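A.B. asks: only geometry, no sequence info:
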């Protein structure tokens, strides 16, 4: 039986939509607090594991070999979590920043949190954005189910989107940037965009007020992409537009290599405990090799690069061309290995690698530091995220006032990288069909929102006992 899709404009004017907005404002408060606490916990654990614990054991600083046992532990914890806990711990970062599909079920959230904490806190090269999207979306959907078990699917969908908006705004420090990223990733447009966007903006706006209050109360600080203290750049020249073409092609080649290696390794690493431990050791070995070869900190290779990106750009004069090239190799390989079996987001490693590549190219004549860095960040994000408009916005927000002045060449580099990478990166596999209990939306409901699916992947290994029970 065919049903007539509801009119989005009529829904926007309905009384039930006002109730939906009130619910979005309410759930924005606890979800923002949870997201803030998650990010603060990750920062505290990183500090304790890599600084406080070695000192507590009597070492004068962090030993060069320290990442080996820590990353092995990360592989063990993530491997066991993905293998034995419900769900998949979130989506695989090798597929890019995923959007669409139903939010994680309540039973899947512990696996998402544990896999993310082990990944982010112990030094794996992935970021927190994907776990935050999953966590916010899952909590938003759970809030609706607790309030009303028979709530329509589109209500659950929009509240899951509002939860994701709130959580990701914590990380980027801007409700608008988080909303832009999620909307482009989900591919929602037209009148339906208003239905999903307005509750999300309201929830993230309320969440921003909670962030300010938590900052004043805890003193842990806030989160922002902007980097202060950058050197100013002069007006753009014709050479900058020529370099935009070069950087776009170079980013497409490097980013495609990173993605292809991750996809090639994933069948041999994901859901395999021993292989994930070996992958962790490989990441640690790359960080140690870089530190031994350059005299720089191993943290340049470890972690997502979110905290190290600003110091890398501000203190770029302290890096030789050889050190930057070795950083690109080690960080890129560690990023590929991390995406093959761990859980986290691809945004910040892509930004860091793009920045390092741009700084390396700025040693060549006719290319200044800030335009080179901006073009590198935008082009690399376009390749690895497949979100061209968001990639331009990320580079612009990161570089504050100079970001606007270099935006024209960033756009050129992003477009070139995006188109070139389409020829180099294999088309993504179709998402595995979820079980019937996933509760797909009825005809005419609001389309998928930017929250990762919480169902098990079709290729996830199952225990032999489970197979016997099913037989």
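C.D. replies: Received it, and whenever you're ready, just let me know what you need. Quick caveat, the model's predicted, so the values are computed rather than measured. Residues are numbered from 1 along each chain as shown.

A.B. asks: Now residue 350: closest residue in space, sequence neighbours ignored.
C.D. replies: Nearest non-adjacent residue to residue 350, counting by C-beta to C-beta, 6 or more residues apart in numbering: residue 384, 4.2 Å away. Where you see a C-beta, it was placed from the backbone N, CA and C, and this is true even at glycine.

A.B. asks: mind listing what that neighbour touches?
C.D. replies: Counting by C-beta atoms under 8 Å, 6 or more residues apart in numbering, residue 384 makes contact with 96, 255, 258, 259, 346, 350.

A.B. asks: In contact with the fourth one, which residues are there?
C.D. replies: When you say that, I think you mean residue 259. Residues near residue 259 by C-beta under 8 Å, 6+ apart: 94, 336, 339, 383, 384, 425.

A.B. asks: If we use 10 Å, what do you get?
C.D. replies: Counting by C-beta atoms under 10 Å, 6 or more residues apart in numbering, residue 259 makes contact with 94-96, 335-336, 339, 346, 383-384, 386, 421, 424-426, 428.

A.B. asks: if we can go back for a sec, can you tell me the element the residue nearest to residue 350 falls in?
C.D. replies: helix 369-385 (DSSP states H and E).

A.B. asks: any idea how far that helix is from the chain center?
C.D. replies: Distance, stretch centre to chain centre, for helix 369-385: 16 Å (C-alpha atoms, centre = their mean, to the nearest Å).

A.B. asks: before we move on, what about stretch 127-140?
C.D. replies: Distance, centroid of stretch 127-140 to centroid of chain: 10 Å (C-alpha atoms, centre = their mean).

A.B. asks: residue boundaries of the helices in the stretch 151-300 of the chain?
C.D. replies: 153-172, 175-186, 191-218, 238-269, 273-294 (DSSP state H, counting those that start in this stretch).

A.B. asks: Pick the most deeply packed of the ones you listed.
C.D. replies: When you average the neighbours per residue for each of those (mean count of other C-beta atoms under 10 Å), helix 153-172 leads with a mean of 29.

A.B. asks: pLDDT averaged over that one, what's the number?
C.D. replies: Averaging pLDDT along helix 153-172 yields 77.

A.B. asks: what's across from the residue nearest the centre of the chain in the sheet?
C.D. replies: Nearest to the geometric centre of the chain sits residue 345, at 2.8 Å (C-alpha atoms, centre = their mean). Listed by DSSP bridges, the beta-bridge partners for residue 345 are residue 127.

A.B. asks: circling back to that earlier point, now distance to residue 297 too, for the contacts of residue 384, in JSON lines please.
C.D. replies: JSON lines is the format used below for these (distance: C-beta to C-beta, whole Å):
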{"residue": "96", "distance to residue 297": "29"}
{"residue": "255", "distance to residue 297": "25"}
{"residue": "258", "distance to residue 297": "22"}
{"residue": "259", "distance to residue 297": "27"}
{"residue": "346", "distance to residue 297": "23"}
{"residue": "350", "distance to residue 297": "21"}
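
A.B. asks: List just the nearest of those to residue 167.
C.D. replies: Checking those against residue 167 by C-beta to C-beta gives residue 346 as the nearest, at 16.8 Å.

A.B. asks: Could you measure from that closest one over to residue 34?
C.D. replies: 22 Å (C-beta to C-beta, to the nearest Å).

A.B. asks: same check, this time on residue 151
C.D. replies: Distance from residue 151 to residue 34, by C-beta to C-beta: 21 Å.

A.B. asks: who's more crowded, the two?
C.D. replies: residue 34 (19 against 15; other C-beta atoms under 10 Å).

A.B. asks: Could you measure from the more buried one over to residue 170?
C.D. replies: 9 Å.

A.B. asks: joint contacts of the two?
C.D. replies: Common neighbours of residue 34 and residue 170 (C-beta under 10 Å, 6+ apart) are 132, 136.

A.B. asks: for the stretch 351-471 of the chain, which spans come out with low pLDDT?
C.D. replies: 400-403, 426-471 (pLDDT under 70).

A.B. asks: run the last query once more with 80
C.D. replies: 397-405, 425-471 (pLDDT under 80).

A.B. asks: Going along the chain, name the strands of it.
C.D. replies: With strands called from DSSP state E, counting those that start in this stretch, the stretch 351-471 of the chain shows none.
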